[in-house]
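Trainee: Build me a structure from this.
(chains A, B and C)
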Amino acid sequence: MLIMRHELLLIAITVILLIVEIFLPNTQKHKIILPAILLMAAVTVIGFFPGTPGVLFGGMFQSTQLTMMFKNILNIGVLIVFIQSVDWLKQDQNKEKISEFFLLMLATLIGMNYMISSGDFLMFYIGLELATIPVAALAAFERLKEKSAEAGVKLIFSSALSSGILLYGLSMIYGTTGTMYFADVAPLITGVPLQVLAFIFFFAGMAFKISLVPFHLWTADVYEGAPVNVTSYLSVISKGAAVFIFTIILYTVFSKIAVMWSDLIYVVTILTITVGNLFALRQQNLKRFLAFSSIAQAGFILLGVIGQSQLGMTTVIYFVLVYIFSNLGAFGVVGIISNRTGKENINDYDGLYRTNPNLSLVMMLALFSLAGIPPLAGFFGKFFLFTAAAKQGYYILVLIALINTIISLYYYLLVIKAMLLNNSDHPIAKIRSDNYTRLGLLICVAGMVIIGFTSSIYEMVFNLSFGLY
Amino acid sequence: MSAESLILFFIVGAFLVGFAIVFSIFVAPTSTNPQKAEPYECGIPTEGLTWLQFNVGYYLFAIIFLIFDVEAVFIFPWAVVMKEMGMIAFVEIVIFFFVLGLGLLYAWKKGALKWE
Amino acid sequence: MFTEYIFHFLSILSLFSAVMVLASKKPIHSVLFLTLAFFAIAGHYVLLNAQFLAVVHVIVYAGAIMVLFLFTVMLLNLNKDEQSQKPMWVKIMAVIAGGMLMLTLIGILRKYDIQSVQDPMTTQIGLVKNLGKILYNDYFVPFELSSVLFLTAMVGAVLLGKKEQI
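Mentor: Numbers count the residues shown, from 1 in each chain, chains lettered A, B, ... in the order given. Model (predicted):
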């Protein structure tokens, strides 16, 4: 029971919220917000108590210190998303669907937790589906808006296709090895052509979920159409969980054919970083802009994956942690402005500093952190990723990534310039944010600053990543 | 029972049905005229597209039906092994039912089962 | 042997109907051909001595999911002239890409010598009893997780499909 603590707690609060939702009259729906957030906060806190690592059901479910740590990271991220969404959920058109938002989010989180802890491809697959399907419903949450409905449809189609490809790959793995358990599959991976093809299908399926180039085409439309809070969830939590389990499977199950997949990832990394950055340069809509920047960030994460080592795993987790705070900070600001004024373009942000100094300060910190400016956590995240890749001798790759970092600095600065330096006749009026939004942004800023200054977190992750493969 | 006999059963079944249809074509008296090709033999000829759009409400019913259909699929193997496995299988299916029952209750309460 | 003939017949049938799903002009025809493809695949399951899976395939896919597809087709109000025409080069590219994938698959499968195949008639892994034992012992967690998946599917469907009360 204790081994599955995170998951059982989440299922418990999902069931509680569902029962409350069933018996809550229609006019009282907003009353569920505070209990939902408090329950999630409680689960997050309980998650930090030391737990017992172990294996359940003959290797079907495995919990290590590392997975527990990552589940805590995801819990924090979801908690921030919950807090940031309150302002949006209280709007008139959403007030009857408040609990559905929490329920679907929690369901995806349960799926991710099982996916992360899976020791079996079937379990992994069901977790992945549970982490994907409800997000499509969330993307179409404002279903009367055409763009939101379009985002939902595009997400469900592309994820169905990628799941199909992934499943085909898994079936080939089963066909060649006769088992689905990670531990049993790993020694039987010999690199025969069928297994290589299976790996490529698996890779393609996961690349869809992480939105790596050339599987990124759905990303910008979905991110733009979906409600901002769902977008931030998609770009941070979903992506982070998928990257984590992807790295683990690469390191454990496919470690024998590492020579083959590191070439593949080499190419995909260069493509992802470059294409993501070049497209981000020309975006006017901030949500699309952040979508492409998050594609580029996913490419940076691959730098850690390719350095197949303890260091690589550490840097991946560390970067995801930093990325959660930075990106959620940026999306939090975009979200509150979009909810209050409906403005999402970079031009609209002209002169934001005059009217909303606090919001633009948070935005500036978040963008600096995403770009990797030294005192903030984002810098260390990227720095460690580069170190991990360089240690494996991928110097050219690191060089390309560095050049791209400079490009990304340019477009992040464009937004900051709009906020701080540009003048506008009609700047966005002063926004009085409520306490929930403030709290959410405060947590993000604290995360960005504190993680940058405390090296102990990095060391802790490093120690937990030991002996993974 | 081997697979052959089952498939043979299907083939024979298909053959019998096909035979009945083909046989009736040859035996039955036929007469054709333009009126027979109309959608209604009596009444006014249709105008415009005959395609009519369905209500979204059907879709909700269909998808809830599908979910319980799949659920029923899981129950059948449970019923087969229940005797052998005893209490564990029973507890498993109770949890399964509990979660799905919550779903049904939710759909009910939301008025998804009501025809408007 | 008899089984072999049936296998070839079913394979040709499923491939043919799968192609026709894409090739037929009317969406209704596509859906009906898809049903045929599902039936052919169910036949394959029977050949592999997995009767339960075959029946489930017919009930769930050919029955329930096809109903959903038909609903969707009726819902969308598709007209013939609304079908988008792809430019020629896209079609050519698609043929090249698909052809390369096919060549790769054929090449790989020819090279892979399948030695570890067990006779499904002797192992009887596909029978309901064995399936149930595996499902309720080893795959207990995914099974319960699938119930959560159904629950969220239901919540999502109600969320998106329900009429807005204004």
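
Trainee: can you count the residues close to residue A:298?
Mentor: Counted by other CB atoms under 10 Å in any protein chain shown, the residues lying close to residue A:298 total 27. Where you see a C-beta, it was placed from the backbone N, CA and C, and this is true even at glycine.

Trainee: then the helix or strand hosting it to CSV, C-alphas only?
Mentor: Assessed by DSSP states H and E, residue A:298 sits inside helix A:286-306. Only the C-alpha atoms of helix A:286-306 are listed here, as CSV (Å, rounded to 0.1, in the frame of the first residue of the first chain):
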residue,chain,number,x,y,z
LEU,A,286,2.1,34.6,-27.4
LYS,A,287,0.6,31.1,-27.0
ARG,A,288,2.0,30.0,-30.3
PHE,A,289,5.3,31.7,-29.4
LEU,A,290,5.5,29.7,-26.2
ALA,A,291,4.4,26.6,-28.0
PHE,A,292,7.4,26.8,-30.3
SER,A,293,9.7,27.8,-27.6
SER,A,294,8.6,24.7,-25.7
ILE,A,295,9.4,22.6,-28.7
ALA,A,296,12.9,24.0,-28.6
GLN,A,297,13.1,23.4,-24.9
ALA,A,298,12.1,19.7,-25.5
GLY,A,299,15.1,19.6,-27.9
PHE,A,300,17.4,20.9,-25.1
ILE,A,301,16.1,18.1,-22.8
LEU,A,302,17.2,15.5,-25.4
LEU,A,303,20.8,16.8,-24.9
GLY,A,304,20.6,15.2,-21.4
VAL,A,305,19.0,12.0,-22.8
ILE,A,306,21.8,11.5,-25.3
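
Trainee: what's that helix packed up against?
Mentor: Packing partners of helix A:286-306 (3 or more CB pairs under 8 Å, 6 or more residues apart in numbering or on different chains; DSSP states H and E): helix A:219-225, helix A:228-233, helix A:239-252, helix A:258-281, helix A:310-341, helix A:377-391, helix A:395-420.

Trainee: List the residues that contact residue 60.
Mentor: I'll assume chain A. Shown in contact with residue A:60 (CB atoms under 8 Å, 6 or more residues apart in numbering or on different chains): A:118-120, A:123, A:181, C:138-142.

Trainee: you looked at the wrong chain, it should be chain C
Mentor: Contacts of residue C:60 (CB under 8 Å, 6+ apart): B:66, B:69-70, B:73.

Trainee: give me that answer again for 6 Å
Mentor: By CB atoms under 6 Å, 6 or more residues apart in numbering or on different chains, the contact list for residue C:60 reads B:69-70.

Trainee: Could you report the pLDDT at it?
Mentor: Looking at residue C:60, its pLDDT stands at 86.

Trainee: any idea how far it lies from residue B:73?
Mentor: Applying CB to CB, to the nearest Å, the value for residue C:60 to residue B:73 is 6 Å.

Trainee: So which residues on the stretch 301-450 of chain A come close to chain B?
Mentor: Contacts of the stretch 301-450 of chain A with chain B, taken as CB under 6 Å from any CB of the partner chain, are absent.

Trainee: about what we covered before: now, of the contacts of residue A:60, which are buried?
Mentor: A:118-120, A:123, A:181, C:138-142 (16 or more other CB atoms under 10 Å in any protein chain shown).

Trainee: sorry, back to before: can you redo the helices and strands packed on helix A:286-306 as CSV with mean pLDDT?
Mentor: Shown next, in CSV, are those (pLDDT from 0 to 100):
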stretch, mean pLDDT
helix A:219-225, 89
helix A:228-233, 90
helix A:239-252, 89
helix A:258-281, 88
helix A:310-341, 87
helix A:377-391, 85
helix A:395-420, 88
